[in-house]
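**Q** Structure here, sequence nowhere to be found:
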């Protein structure tokens with residue numbers, strides 16, 4: 001057996017030498033041949049590397065099943081990276097049926113050997129409650145182990161736990177400390193979150209210039225949230241001279257990635273003609289993309305375009321459809337406009353009771369116009385009660401109520417927002 005191993009190793013050396021002579025040792029084919037030979041004689045690192053090649057399609061046709069086979073050979077020898085890779089496959093359902101419990105088992109084997117990536121994987125499963133009962137404290141413990149090794153994702157995740165107060169007291173300053181460590185390693189998400197803290201003044205003195213600095217770091221890496229943050233600051237002129245054209249450029253980058261807020265913001269720019277020619281149809285196109293993702297503001301604005309006939313044929317039924325979508329998410333302006341539609345009987349049967357109901361919802365969400373409208377209605381109702389209470393003749397009560405009815409109708413109806 002020993003002689004056989006020596007013979008195989010000799011072949012590997014000879015092959016490697018030959019490949020070097022023909023300048024193929026660094027080619028995909030040469031690397032694959034050498035890796036396969038090492039893997040077949042039981043080299044755990046080579047087996048893991050070969051699994052990586054098949055998992056990513058590097059130099060070979062992508063094949064998750066073959067990748068899994070090599071990972072398993074390596075993992076059985078206790079190779080932590082292979083154990084972690086199997087955990088990833090089961091967590092993501094790559095080449096296998098998704099199974100968080102199995103993923104957890106493999107992550108644990110690697111994490112116990114101190115592999116930071118596996119510790120992060122375990123932290124994620126406990127934080128999200130996947131394959132295990134949700135437990136922020138246990139998640140934090142695993143993230144801390146990985147963060148001590150300088151793992152950027154773990155540091156960012158700890159920042160999130162302190163930002164949201166998950167298993168710890170909410171502390172923006174401590175969150176900032178973890179985000180800073182992660183951002184220093186180039187983690188785009190952490191860079192964005194640092195920018196957001198400076199943008200909003202959470203745990204630090206508000207500083208738009210510093211916010212822009214970190215937003216730019218993340219935006220250059222393609223992070224859509226950061227691109228939106230930059231777009232907003234340029235649009236509002238915060239920390240920088242107001243520049244709608246630059247704002248639009250950042251919004252467009254984020255919108256191409258499907259960012260709903262960016263799509264809605266572009267709709268606004270075309271609606272109001274900011275750095276572009278005013279165009280209700282183009283605005284509607286952007287609102288439609290954003291609304292399809294459930295953005296309540298975009299749904300409301302689509303409803304308003306159909307309500308008022310801007311850039312589209314007026315259609316109260318369609319307006320109601322989009323207003324209701326936004327109103328169900330608690331958007332006060334949409335609730336108020338639904339109240340007006342029912343009060344005026346636009347596209348629906350006139351119904352004062354339904355109108356009042358929508359005004360009440362809008363008022364609870366802080367809509368001042370709805371609050372004023374309800375105040376007027378209350379005054380009319382109180383006055384009506386007083387008239388009938390003090391009227392000696394039923395006819396006087398009837399006539400008074402008839403006048404008040406018209407006043408009540410006036411109080412219910414109003415202009416759309």
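**A** The structure has been received and is ready for your questions. Model, not experiment: these values are computed from the prediction.
**Q** what's the average pLDDT for stretch 85-101?
**A** Mean pLDDT, computed over stretch 85-101, is 97.
**Q** Which residues does that stretch contact?
**A** Contact partners of stretch 85-101, identified using Cβ atoms under 8 Å, 6 or more residues apart in numbering, comprise 48, 51-52, 55, 63-65, 67-68, 71-72, 75, 102-107, 110, 118, 121, 125, 130-132. For the C-beta atoms, the positions are set from N, CA and C on the backbone; glycine is no exception.
**Q** Now restrict those to buried residues only.
**A** Among the contacts of stretch 85-101, those buried by neighbour count (16 or more other Cβ atoms under 10 Å) are 48, 51-52, 55, 64, 67-68, 71-72, 75, 102-104, 106-107, 110, 118, 121, 125, 131.
**Q** Take those and keep only those in strands.
**A** Judged by DSSP state E, the subset of those located in strands is empty.
**Q** Looking at these, which are in helices?
**A** Among the buried ones among the contacts of stretch 85-101, the members found in helices (DSSP state H) are 48, 51-52, 55, 64, 67-68, 71-72, 75, 102-104, 106-107, 110, 118, 121, 125.
**Q** tell me the contacts of residue 274?
**A** By Cβ under 8 Å, 6+ apart, the residues touching residue 274 are 235, 244, 247-248, 268.
**Q** Looking at neighbours, which among the residues you listed is most surrounded?
**A** residue 247 (25 neighbours; other Cβ atoms under 10 Å).
**Q** pretty sure that one is in contact with residue 238, am I right?
**A** No. Applying Cβ atoms under 8 Å, one finds residue 247 not in contact with residue 238, separated by 10.9 Å.
**Q** got any residues that touch both of those two?
**A** The contact sets of residue 247 and residue 238 overlap at residue 232 (Cβ under 8 Å, 6+ apart).
**Q** tell me which element residue 197 is part of?
**A** Here residue 197, judged by DSSP states H and E, is contained in helix 188-200.
**Q** just how off-centre is stretch 126-143 within its chain?
**A** Its chain's average C-alpha position is 21 Å from that of stretch 126-143, according to Cα atoms, centre = their mean, to the nearest Å.
**Q** can you give me the end-to-end distance of it?
**A** 10 Å (Cα to Cα, to the nearest Å).
**Q** Contacts made by the helix holding residue 197 with the rest, please.
**A** With Cβ under 8 Å, 6+ apart as the test, helix 188-200 has contacts from 152, 155-156, 159-160, 163, 172, 175-176, 178-183, 202-204, 206-208, 210-215, 217-218, 221-223, 225-226, 229, 233.
**Q** Stretch 256-263 now?
**A** Contacting residues not belonging to stretch 256-263 are listed as 222, 224-225, 227-228, 231, 251-255, 286-287, 289-290, 293-295, 298 [Cβ under 8 Å, 6+ apart].
**Q** List the buried residues in it.
**A** Going by neighbour count (16+ other Cβ under 10 Å), the buried part of stretch 256-263 is 259-263.
**Q** JSON lines for the residues you listed, including secondary structure?
**A** Listed next are the buried residues of stretch 256-263 as JSON lines, based on DSSP: H, G, I helix; E, B strand; the rest coil:
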{"residue": "259", "secondary structure": "coil"}
{"residue": "260", "secondary structure": "helix"}
{"residue": "261", "secondary structure": "helix"}
{"residue": "262", "secondary structure": "helix"}
{"residue": "263", "secondary structure": "helix"}
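**Q** So residue 340 versus residue 353, what's the distance?
**A** According to Cβ to Cβ, to the nearest Å, residue 340 stands 14 Å off from residue 353.
**Q** which of the two has more neighbours?
**A** Each of residue 340 and residue 353 has its neighbours counted (other Cβ under 10 Å); residue 340 has more, 24 against 8.
**Q** Return the distance of the more buried one relative to residue 216.
**A** Distance from residue 340 to residue 216, by Cβ to Cβ: 43 Å.
**Q** again with residue 98
**A** In this view, residue 98 and residue 216 are 37 Å apart by Cβ to Cβ.
**Q** ok, the two, which is more surrounded?
**A** Neighbour tally, residue 98 and residue 216, criterion other Cβ under 10 Å: the higher count belongs to residue 216, 17 against 14.
**Q** list the contacts for the more buried one?
**A** 226, 230.
**Q** That one: which element?
**A** helix 208-219.
**Q** Just checking the distance from that helix to the centre of its chain.
**A** Relative to its chain's centre, helix 208-219 lies at 19 Å (Cα atoms, centre = their mean).
**Q** same deal with stretch 169-188?
**A** For stretch 169-188, the distance to the chain centre is 19 Å (Cα atoms, centre = their mean).
**Q** tell me which residues in it are buried?
**A** Buried residues in stretch 169-188, counting neighbours by 16+ other Cβ under 10 Å, are found at 172, 174-183, 187-188.
**Q** swap in stretch 368-383?
**A** Neighbour-count burial for stretch 368-383, counted by 16+ other Cβ under 10 Å, picks out 369-370, 373-374, 377, 380.
**Q** Just give me the closest of these to residue 39.
**A** Of all the buried residues of stretch 368-383, residue 370 has the smallest distance to residue 39: 69.8 Å, by Cβ to Cβ.
**Q** Okay, and that closest one sits in which element?
**A** Going by DSSP H and E, residue 370 is part of helix 368-390.
**Q** Repeat that for residue 180.
**A** Using DSSP H and E, residue 180 sits within helix 172-184.
**Q** for that helix, packing partners?
**A** Packing partners of helix 172-184 (3 or more Cβ pairs under 8 Å, 6 or more residues apart in numbering; DSSP states H and E): helix 152-164, helix 188-200.
**Q** so where's the protein uncertain?
**A** 1-28, 384-417 (pLDDT under 70).
**Q** If we use 90, what do you get?
**A** Along the chain, the parts satisfying pLDDT under 90 run over 1-33, 59, 373, 376-417.
**Q** circling back to that earlier point, contacting residues around the helix holding residue 180?
**A** Contacts for helix 172-184 (Cβ under 8 Å, 6+ apart): 147, 152-153, 155-156, 158-163, 168, 189-191, 193-194, 197, 202-204, 214, 217.
**Q** That'll do, ta.
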